[in-house]
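Q: Build me a model:
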Amino acid sequence: RTKLYIGCTLVGNVDSAAVYRRYISVASIALLLALPVACAGPEAEKAIFVARETTPTKAQQSDGQFDTSTTSEPKPSDQNANQETDTAPTTEAVTPSITTTTFETRPWTLLAGGDVLLDRTEPEGIDPFDKVEPGLDSAEVAIVNLEMAITERGEPYDKEFVFRAPGSAALTLAGAGIDVVSIANNHILDYGPEGLSDTISVLDEVGILRPGAGSNNAQAYAPRVMTLGNGVRIAFVAATAVVPGGFAATAERPGVADAKWAIPRVLAAVRAAAASNDVVVVSVHWGIERETCPNQDQRDLAAELIEAGASLILGHHPHVLQPIETFDRTVIAYSLGNFAWHPRYGITGDTGVLEITFDGPYIEGYRFHPHVLDYRGGATPILSGERYDRIVDVIEGRCEQHDPQPPTTTEVLDDPALAATPS
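A: Next comes the predicted model:
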């Protein structure tokens, strides 16, 4: 279901000084052409100069271009104010010449998915992305949240659930067409600094950008920048509001960018990214698990990120879908759910692909493609049915009716879809 909340490219602000300079230039040329005629006496033909400008408008072109035209009538080539002639002057029709200036559009697409966990699929040689539509490799940029470490080293963190996958998982991500992974979450340090270091190293080896964590706080908060073939510069900033003890990066300690206790630093990173790049994509780990509606903390932080310069906000952690909203040209996806996870057959298995269309630095619109997790834990597209309708409800903001009740301990133990791991 397409929701093009922007129907056309918005017109930019008018450069008043440039407009005035153009008018002065036209008037000066007209005056210079008129002076010789005025001096030639009453029998000379009056000079004709017509300048008519059209307002630039965007047109749909199959080759990705649109035209604006300036039409003018030049002075007659045989006009000579300093030469006497016996032939009475006549007025001849002047055929307008059309000068066409071509402005190239720069369309490109970003695909986004939610939480990715490959701790089971990777050892079994399963590709959980092979059924995703549209394919992640079909877009200029594809981004997900990496909810695990990629390592075989390190000691597990002292908590209930810790996740990791072998080094080959990086090849699976790259082979699927994923260009960027957020590593700002509450599982990237499940196997300590060694696990984080291995994750960063192997992602760098396969060419995947990994904002949101690093060997110190400067690395964790630093935007990661990609330049597309059309010249568009995209900066990625990632941070997490879910911060286990010891996970936050410091000047001397590896860790994640902290969007819970260090929000001003996250906002400073977004402002810095916006100052020197065309598009700023912010990935945020936030919210409450299994709640289908965003809370006020999410909305408040989203507003601050937009004010700082975010073009697109991608959320995760609730392990269910949450609404997609827009503010001006900024799209906010509060939670994109579980994208590759352990098998899920209820609401925690509802997922999808968010497709954002851009023209240069501007978002033109978006489309959400509903998927569900299959028996392998991979995303599979659906086109109808109760789960499809539920996905559409949540994405379009009718989320309260689908907010699941917290299960009791007995229900968790009896439900295989909920017992083995968190959502």
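
Q: just the strands in the stretch 251-400 of the chain please.
A: Counting by DSSP state E, counting those that start in this stretch, the stretch 251-400 of the chain has strands at residues 255-256, 279-285, 312-316, 324-327, 330-333, 338-340, 350-359, 362-373, 379-381.

Q: Turn those into TSV, including distance to residue 268 and mean pLDDT.
A: The C-beta positions use only the backbone N, C-alpha and C, and glycine is treated the same way. Formatted as TSV, the strands of the stretch 251-400 of the chain follow (distance: least, Cβ to Cβ, whole Å; pLDDT from 0 to 100):
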stretch	distance to residue 268	mean pLDDT
strand 255-256	16	98
strand 279-285	13	98
strand 312-316	17	98
strand 324-327	21	96
strand 330-333	18	98
strand 338-340	29	98
strand 350-359	25	98
strand 362-373	23	97
strand 379-381	35	98
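
Q: Residue 295: which of those strands is closest?
A: Closest to residue 295 of the strands of the stretch 251-400 of the chain, according to Cβ to Cβ: strand 312-316, at 11.2 Å.

Q: Now the closest one: buried residues?
A: 312-316 (16 or more other Cβ atoms under 10 Å).

Q: on that earlier part again, tell me which of the strands of the stretch 251-400 of the chain lies nearest to residue 240.
A: For residue 240, the closest of the strands of the stretch 251-400 of the chain is strand 279-285, at 3.6 Å, according to Cβ to Cβ.

Q: Could you list every helix and strand that that closest one packs against?
A: In terms of contacts (3 or more Cβ pairs under 8 Å, 6 or more residues apart in numbering; DSSP states H and E), strand 279-285 is packed against strand 141-146, strand 180-182, strand 233-240, helix 263-276, helix 296-308, strand 312-316.

Q: between those, which gets nearest to residue 339?
A: That would be strand 141-146 among the helices and strands packed on strand 279-285, by Cβ to Cβ, at 5.8 Å.

Q: Do you know the pLDDT at residue 8?
A: As predicted, residue 8 sits at a pLDDT of 27.

Q: got the contact list for the closest residue in space to residue 327 that isn't next to it in sequence?
A: Excluding the flanking residues, the one nearest residue 327 by Cβ to Cβ, 6 or more residues apart in numbering is residue 306, at 5.7 Å. Neighbouring residues of residue 306 by Cβ atoms under 8 Å, 6 or more residues apart in numbering: 313, 327-328, 330, 332.

Q: so what pLDDT did residue 306 get?
A: For residue 306, the pLDDT comes out at 98.

Q: which residue ends up closest to the midpoint of the chain in space?
A: The geometric centre of the chain, computed from its C-alpha atoms, lies nearest to residue 312 (Cα atoms, centre = their mean), at 4.7 Å.

Q: How about the nearest residue to that residue once chain neighbours are set aside: which residues does it bridge to?
A: The shortest distance from residue 312 to any residue other than its chain neighbours is 4.8 Å, reached at residue 281 (Cβ to Cβ, 6+ apart). Applying DSSP bridges to residue 281 gives these bridge partners: residue 236, residue 312.

Q: Please spell out the segments of the protein that come in under the pLDDT threshold.
A: Residues of the chain meeting the criterion pLDDT under 70: 1-103, 405-423.

Q: what about the helices in it?
A: 16-39, 168-175, 192-206, 217-221, 263-276, 296-308, 386-395, 409-414, 416-419 (DSSP state H).

Q: And the fourth one, what does it pack against?
A: In terms of contact count using 3+ Cβ pairs under 8 Å, 6+ apart, helix 217-221 is assigned the packing partners strand 213-214, strand 255-256, helix 263-276.

Q: So what touches it?
A: Applying Cβ under 8 Å, 6+ apart, the external contacts of helix 217-221 come out as 184, 212-214, 237, 239, 248-251, 255-257, 265-266, 268-269.

Q: Filter these down to the buried ones and express that as a ChimeraX selection.
A: Listed next is the ChimeraX selection for buried residues among the contacts of helix 217-221, using 16+ other Cβ under 10 Å:
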select :184,212,213,214,237,239,248,249,255,256,257,265,266,269
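
Q: For residue 186, which residues are in contact?
A: Counting by Cβ under 8 Å, 6+ apart, residue 186 touches 240, 242-244, 247, 285, 317.

Q: is it possible to export the helices and strands packed on strand 279-285 to CSV including distance to residue 394?
A: Formatted as CSV, the helices and strands packed on strand 279-285 follow (distance: least, Cβ to Cβ, whole Å):
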stretch, distance to residue 394
strand 141-146, 18
strand 180-182, 21
strand 233-240, 22
helix 263-276, 26
helix 296-308, 14
strand 312-316, 13
